[in-house]
Structures are given as C-alpha cells and as structure tokens.
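K.L.:
Turn this into a structure:
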Amino acid sequence: MARDTTDSRPIEKIDDLVADIAKGCKPREKWRIGTEHEKFPFYVDGNAPVPYPGGRGIEALLEGMREKLGWEPIFDAGKLIGLGGPTGQGAISLEPGGQFELSGAPLETIHQTCREGNAHLAQLREIAEPLGIRFLGLGGSPKWTLAETPRMPKSRYDIMTAYMPKVGTQGLDMMYRTCTIQVNLDFESEADMRRKMQVGLKLQPLATALFANSPFTDGRPNGLQSWRGDIWRDTDNQRSGLKEFCFAADFGFADYVEWALDVPMYFVIRGGRYHDMTHMTFRQFMDGAARNEVPDGEATMGDWTNHLSTLFPDVRLKRFLEMRGADGGPWRRICALPALWVGLLYDGEALDQIDALTANWTYEETRAMRDAVPKEGLNVTMRNSSLREIAREVLGISRLGLLNRRRLNSDGFDETHYLAPLEEVVARGTTSAEDMVRAYHTRWGGSIEPVFMEQAY
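P.N.:
Numbering: from 1, shown residues only. Next up is the predicted model:
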C-alpha cells in the first residue's frame, strides 16, 4: 500500500462499513486488473542488502524515480517512503525490509499489465544501475539474516515490528524477508464476489505451488519450495490465513465486516502521527475505547480503510478482491499471475467451469493443501489427484477464459501466451524452487551467490 488514508468522515453505524465495500460492485465493462509486484534490491558488489539512507540507498532510488516520473512524493515523519502517480497511474512503495513495490494502475488487459511492468523495471534499472543496485525476483530473501536486513522508516512498520512477535512465530520474516506478486480484481455484485472469493480461496494453495520460488534462507536450502507460503502459516492467525466463514453458502460483505471488526488494529493516524492501537479491536475503537487515548478518538472511514489494509487473509476483500498466494518471481511471472486469475474469473464460461470443479472442496481439504504445499509443491494430493494434475485442468480453464476474452495486442495475439511459464512448470513437473535447489547442489557448487545473477531482473 503506497499511502495510508486520512478520511475524516465519521462512521455512524456498521452498515456504513458494509456499504463502503459494496461500492466496489462494478458492471462487467468496468472491470479492471491491478497487479502488484515486489522485488529485493541488492548491491551487485557482494550481493549485499541495500539500506535506506545514503547516496546509494533506497532513498536515493526513490529520489531518482521521483525525478524521472514526476510522481508525487509520499513522506512519513519527513522521510520519503513512496511515490504516488497521477490518478489511475499506480504507486511505488517500500515494504519493511526495503522490498521495492509497484502497485500497478487498474488496466483492461494483460498486455497492458506486461507493458507496465516492463516499463517500470526499465525505469528502475536506469536509476539503479549507476548506484550499483539490481533487483532479485524471488519469494524469499535467500541470503541475508533478519539481523542483516535493512529496516525502512515507516511508522506503521515500527508498530508492526513490535507487535508481530506477540502473535506468531514468523511475522518478522513475513515483513522483512518475503516478496509477492498479487492481482486485484473486480466483482459485479455480492453474489459474484462470493463465487470469486471462494474459488480464489480454494485455489490459492495451487497458486502457491505453481509460483513456489523461495527455497533458500540464510544462504542455504531451507527444505521448502515456498518458504513464503510456510511463513504465512504462523504470522498472525487472527488476521491472516484461510478463513472458514468465507466458505459459507451465504457468505457476503457483512460477514467480512463482522470478522474485520473483531481483529486487533495496528494504528490510527491523527495529525500526521501514528498511534499504536494493537491493544484493541476495531469494534472496541468504534465503541469509544480510544476517546481518552488519542486526539479525535472517534472512528472515521479513513481508519476503517487503513484497518482493512492490515488484514492478510489468503484472499483479501476491499472494494475489490486481492489474490495473495503467489511468491515473487521473474518478469514473466508478473504477467502470468494476473493471466491465471483473469482467465478463471473474468469470463462467464470459465468461471462456471472452475466453480463446478471446486464447488464441493471443503475448508478442511483446502487447509490441508495449504499446509502441505510449502514443502511438497505440486506433489500434494487432493482427492487422489496430484496438484500437478489439477493444475493442468485449471490452466486449461484459464486458457479458455482468456481465449473467450479475445483481447488482442497490436500483433494480433490474445492473452493466452502469458500462461506459458505456468504451463511449463506443469509440463516439466518441477517448480522453479526445485530447479534452483538442484542447481545449488550441482552447477552452483553449493553456493547461494549464483542466484543473484540468474534470478535478477
């Protein structure tokens, strides 16, 4: 998220919160695709992490991008921590460990998404290379310990850093040592949201397997294909993970709101200052628990918007749906992730097929897949079929959906070719994580350093 919101409209009642999410309903012709991707900056000399300050640090990268793009600077306590583009142009932000994120614009096609990602990386290289910086496309930081990892000067991250060890064992690793690719998608109605949410939840373990790309920690293999996926199994289970209530036949906006109300907050912003609110839920805040604790202690819509951004379920609901299961990866994966989900969810015939395929998958079965995938990847079994076999069928449905969309580029090609990296994984039968571990034990000679060359943008 590029910036936290300050919207002082008071919240009158819980129905206001339900109505706010429902405003996301859009007719099909207004559906858009928003792709976010994160990457690890590193110094080419020594493959070392890049700190925030200094003439060759993260701040200098942001200043260079600011001058190049002319985007609006975003400050936190006087520190440049992001850039906001003109309306509809996306944003650049920093994750806690310096992971550099592009939150892409809402676009109509995967072709546009790929052009956006390519342009961003080209612009970033232009600024970064004179500083001796490149970027790594992995789901987990492969070499640096948590202590070696830089910390970005964002107030919300200070609050989260203090809070995470109280509520899980891997929250700090999530914050400082993971990267993701994520796609944000629209819905037409509450019923349409429900179908997409439930299909998305059931297939997030498959997405984690297909995109598994974090097999190294502290300079050596960690025994996992998606370390990032494993981290999310114990980060902060009140606000993250697979939520059973979302599987209900009548799941709707109000159910998500009721859950969100009872999750502890992280912060509120008053007068540009972040106040730690981790000791109360949003419902308690709405009921006046902070009236004597922070200035203007009444809950506002800005507080609610910020709170929703601090919830981390496998599929997150705002005024759109966020598919959150994939590891970060190389450029082709930045295009493949939105292609997968757009093919499945934005075409009626494909959505009917994938809904039918997963209709009777239970919460318990999905959770079992989610727990097994970080280690076993596509070898996980679901009802006597491997995830590799299921992936082949799912990718076929996605391909159908992209064919039906008939969104052609200037050369007359549709969007189906963006699925190629995933189809290659299925055809090969091994994930990129497995391939890298094999390389580590053979041609890399037991060294982690080649990953910085082979997986760099």
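
K.L.:
Every contact and neighbour count from this point should use C-alpha atoms.
P.N.:
Will do.

K.L.:
in this structure, which ranges drop under the pLDDT threshold?
P.N.:
1-3, 5-6 (pLDDT under 70).

K.L.:
Which strand runs longest in it?
P.N.:
strand 33-43 (DSSP state E).

K.L.:
got the contact list for Arg370?
P.N.:
The contact partners of Arg370, by CA atoms under 8 Å, 6 or more residues apart in numbering, come to Gln204, Pro205.

K.L.:
Could you measure from it over to Gln198?
P.N.:
14 Å (CA to CA, to the nearest Å).

K.L.:
And for Asp4?
P.N.:
28 Å.

K.L.:
same check, this time on Gly348
P.N.:
15 Å.

K.L.:
Pick out whichever of the two has more residues nearby.
P.N.:
Gln198 (21 against 13; other CA atoms under 10 Å).

K.L.:
May I ask which helix or strand encompasses that one?
P.N.:
helix 190-210 (DSSP states H and E).

K.L.:
ok, the helix or strand following that helix: who's next to it in the sheet?
P.N.:
Next helix or strand after helix 190-210 toward the C-terminus (DSSP H and E): strand 216-217. Note on strand 216-217: by DSSP bridges, its sheet partners are strand 220-221 (antiparallel).

K.L.:
Dig out what the residue nearest to the spatial centre of the chain forms beta bridges with.
P.N.:
In the chain, the centroid-proximal residue (CA atoms, centre = their mean) is Gln182; its distance is 4.0 Å. For Gln182, the beta-bridge partners under DSSP bridges are Glu36.

K.L.:
how near is it to Ala207?
P.N.:
Taking CA to CA, one finds Gln182 at 11 Å from Ala207.

K.L.:
what sits in contact with each of these two?
P.N.:
Gly325, Ala326.

K.L.:
quick one, helices of the stretch 301-450 of the chain?
P.N.:
Secondary structure of the stretch 301-450 of the chain by DSSP state H, counting those that start in this stretch: the helices cover 301-308, 331-345, 348-358, 363-376, 387-405, 420-428, 432-441.

K.L.:
what's the last one in contact with?
P.N.:
Meaning helix 432-441. So helix 432-441 is contacted by 211-215, 221, 225-226, 425, 446-448, 451 (CA under 8 Å, 6+ apart).

K.L.:
So for stretch 431-448, what gets flagged as buried?
P.N.:
Thr431, Ser432, Ala433, Glu434, Met436, Val437, Ala439, Tyr440, Gly446, Ile448 (16 or more other CA atoms under 10 Å).

K.L.:
Show me which pair in those residues is furthest apart.
P.N.:
Distance extremes for the buried residues of stretch 431-448: the farthest pair is Thr431 and Gly446 at 19.3 Å, using CA to CA.

K.L.:
Name the residues that touch the longest strand of the chain?
P.N.:
48-50, 98-110, 113, 132-138, 141, 179-186, 328, 334, 338, 342.

K.L.:
Then stretch 218-233?
P.N.:
139-145, 170-171, 173-174, 178-179, 208-209, 212-216, 240-241, 325, 327, 371, 373-377, 431, 433-434, 437, 447-448.

K.L.:
Quick check: end-to-end length of that stretch?
P.N.:
20 Å.

K.L.:
ditto for stretch 295-309
P.N.:
With CA to CA, one end of stretch 295-309 sits 22 Å from the other.

K.L.:
can you check stretch 428-445 too?
P.N.:
End-to-end distance for stretch 428-445, by CA to CA: 23 Å.

K.L.:
again, but for stretch 236-255
P.N.:
20 Å.

K.L.:
how much space is there between Ala290 and Ala299?
P.N.:
Applying CA to CA to Ala290 and Ala299 gives a distance of 9 Å.

K.L.:
do the same with Met197
P.N.:
28 Å.

K.L.:
Please apply the same query to Leu344.
P.N.:
Leu344 is 38 Å from Ala299, by CA to CA.

K.L.:
Looking at those two, which is more packed in?
P.N.:
Using other CA under 10 Å as the criterion, Leu344 and Ala299 rank with Leu344 on top: 29 against 23.

K.L.:
how long is stretch 308-325 from one end to the other?
P.N.:
So stretch 308-325: terminal residues 18 Å apart, CA to CA.

K.L.:
can you pull the buried residues of it?
P.N.:
308, 310-325.

K.L.:
Over to stretch 343-352?
P.N.:
Those would be Gly343, Leu344, Leu345, Tyr346, Asp347, Glu349, Ala350, Leu351, for stretch 343-352 by 16+ other CA under 10 Å.

K.L.:
closest to Thr281 among those?
P.N.:
Leu345 (33.0 Å).

K.L.:
Please give me every residue in contact with the closest one.
P.N.:
Contacts of Leu345 (CA under 8 Å, 6+ apart): Lys196, Leu351, Gly401.

K.L.:
If we use 7 Å, what do you get?
P.N.:
Lys196, Leu351 (CA atoms under 7 Å, 6 or more residues apart in numbering).

K.L.:
Repeat that for the one 4 residues further on.
P.N.:
Neighbour list for Glu349: Gly401 [criterion: CA under 7 Å, 6+ apart].

K.L.:
ok, now how distant is the residue nearest to Gln204 when sequence neighbours are not counted from Asp347?
P.N.:
Leaving aside its sequence neighbours, Gln204 sits nearest to Gly325 (CA to CA, 6 or more residues apart in numbering; 5.2 Å). To Asp347, Gly325 is 21 Å away according to CA to CA.

K.L.:
Put the buried members of the contacts of stretch 218-233 into a ChimeraX selection.
P.N.:
Applying 16+ other CA under 10 Å to the contacts of stretch 218-233 leaves a buried subset, and the ChimeraX line that selects it is:
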select :139,140,141,142,143,144,170,171,173,174,178,179,208,209,212,213,214,215,216,240,241,325,327,371,373,374,375,376,377,431,433,434,437,448
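
K.L.:
Compute the number of surrounding residues for His417.
P.N.:
14.

K.L.:
Alright, I will stop here.
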